[in-house]
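# when you get a sec, could you give me coordinates for this:
(chains A and B)
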Amino acid sequence: MSQKDPPPSSEKRTYVIFVGDVQEKWETPSVLARDIMAQAGISPPDNLTLEALDKHNGNMVKEFTPDQTVNLDEKDRKFFRIAPGGGGYSFHGFE
Amino acid sequence: MDLNDLPEHFRAGFEALKKRCPEARVDAIKDNFVYIWLEPIYISPTEFKDPRPSGVWVRIPIQFPNAQPHGVITLHPLLRTDGRPLNGSAGRHEICGPVADRGGVNYYSWTWNGNLGQGPALLRPSDMAMVFEWVERRIRVA
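Purely as a prediction, here's the structure:
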């Protein structure tokens, strides 16, 4: 390390993530799901969820409601998609 | 199945769904519902037993987005690894009829809104693309 380099503890990490094909950059590892969704153009995120994927357009590994915090330091927190929340069922095919 | 039998707004929605799921295809129309095959659908191997279907049919109303998707049909019954039953499972329901000859014999009467909360508002034909994620999530949380 040269004298011009700041010590590692002061280095800022940038977290580059993708919501679908939309790239986002965050300077902190803890981000509200609704903020990630907002930066992807979805605001307010009414009745939607944020899903963390194992790869780009991959499989869902964890679901976040808008008010949950996403830790971008964790495994599989680089690729996301937005999915409909809610839902129900009926037994006879008609609501 | 001739897509030209469907109204323009539905065809526009289906095009949006095809962008999300290129293998999507219309297999049947009955009682104001279009039976659309979606593949591949991800069903977790840790949460569901084999054989896990690689695709499913979803029923989308011709009036979409003014009416909501209702129901999923599978080739194989969906069986959780922990043995918990799936809400809305209706087995060999007559609603499977239009795709029964293709092996669709397990009906899940899942709805856009209900005990899990409201789904997002459906405002435009292109919102049909959301149906793909809805199906995968609906299986997971049933």
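# hey, where'd the strands end up in the chain?
Went with chain A since none was named. A:15-19, A:22-26, A:30-32, A:48-53, A:60-64, A:69-71, A:79-84, A:88-89 (DSSP state E).
# that's the wrong chain, I meant chain B
Using DSSP E, the strands of chain B run over B:25-30, B:33-38, B:56-61, B:70-74, B:89-91, B:106-111.
# out of those strands, which gets nearest to chain A?
Set against chain A and scored by Cβ to the nearest Cβ, the strands of chain B come closest in strand B:106-111, at 4.4 Å. Placement of C-beta: from N, CA and C, glycine included.
# name the helices or strands packed onto the closest one?
Judged by 3 or more Cβ pairs under 8 Å, 6 or more residues apart in numbering or on different chains; DSSP states H and E, the packing partners of strand B:106-111 are strand A:88-89, strand B:70-74, strand B:89-91, helix B:130-141.
# can you redo these as TSV with mean pLDDT?
Below are those laid out as TSV (pLDDT from 0 to 100):
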stretch	mean pLDDT
strand A:88-89	93
strand B:70-74	96
strand B:89-91	88
helix B:130-141	95
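# point out the most buried one among the ones you listed.
Mean neighbours per residue, mean count of other Cβ atoms under 10 Å in any protein chain shown, is largest over those for strand B:70-74, with a mean of 24.
# got the CA coordinates for it in PDB?
This file holds the C-alpha atoms of strand B:70-74, laid out as PDB (Å, rounded to 0.1, in the frame of the first residue of the first chain):
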ATOM      1  CA  HIS B  70     -57.500 -17.600 -11.500                       C
ATOM      2  CA  GLY B  71     -56.100 -21.100 -11.200                       C
ATOM      3  CA  VAL B  72     -53.100 -23.200 -12.100                       C
ATOM      4  CA  ILE B  73     -53.200 -26.700 -13.600                       C
ATOM      5  CA  THR B  74     -50.300 -29.100 -13.400                       C
END
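# rank the strands of chain B by pLDDT, which is bottom?
The minimum mean pLDDT among these belongs to strand B:89-91 (a mean of 88).
# remind me what that one packs against, helices and strands.
Packed against strand B:89-91 by the contact rule (3+ Cβ pairs under 8 Å, 6+ apart) you find strand B:106-111.
# show me the beta-bridge partners of the closest residue to chain B within chain A.
Using Cβ to the nearest Cβ, the single residue of chain A nearest to chain B is A:G88, 1.0 Å away. Taking DSSP bridges, one obtains B:T111 as the residues bridged to A:G88.
# show me the residue at the heart of chain B, geometrically.
Residue closest to the average C-alpha location in chain B (Cα atoms, centre = their mean): B:V58, at 2.0 Å.
# how about it, what does it touch?
Neighbouring residues of B:V58 by Cβ atoms under 8 Å, 6 or more residues apart in numbering or on different chains: B:Y35, B:I36, B:L38, B:P69, B:G71, B:V72, B:I73, B:V131, B:V135.
# surely the residue of chain A closest to chain B touches B:N115?
Yes. Look at A:G88 against B:N115 with Cβ atoms under 8 Å: they come within range, at 4.8 Å.
# quick check: residues of chain B near chain A?
Contacts of chain B with chain A, taken as Cβ under 8 Å from any Cβ of the partner chain, map to B:42, B:44, B:70-71, B:87-88, B:90, B:93, B:95, B:107-121, B:130, B:133-134, B:136-138, B:140-142.
# now do 7 Å
Chain B comes close to chain A at residues B:42, B:71, B:87-88, B:90, B:93, B:95, B:109-120, B:130, B:133-134, B:136-138, B:141, as judged by Cβ under 7 Å from any Cβ of the partner chain.
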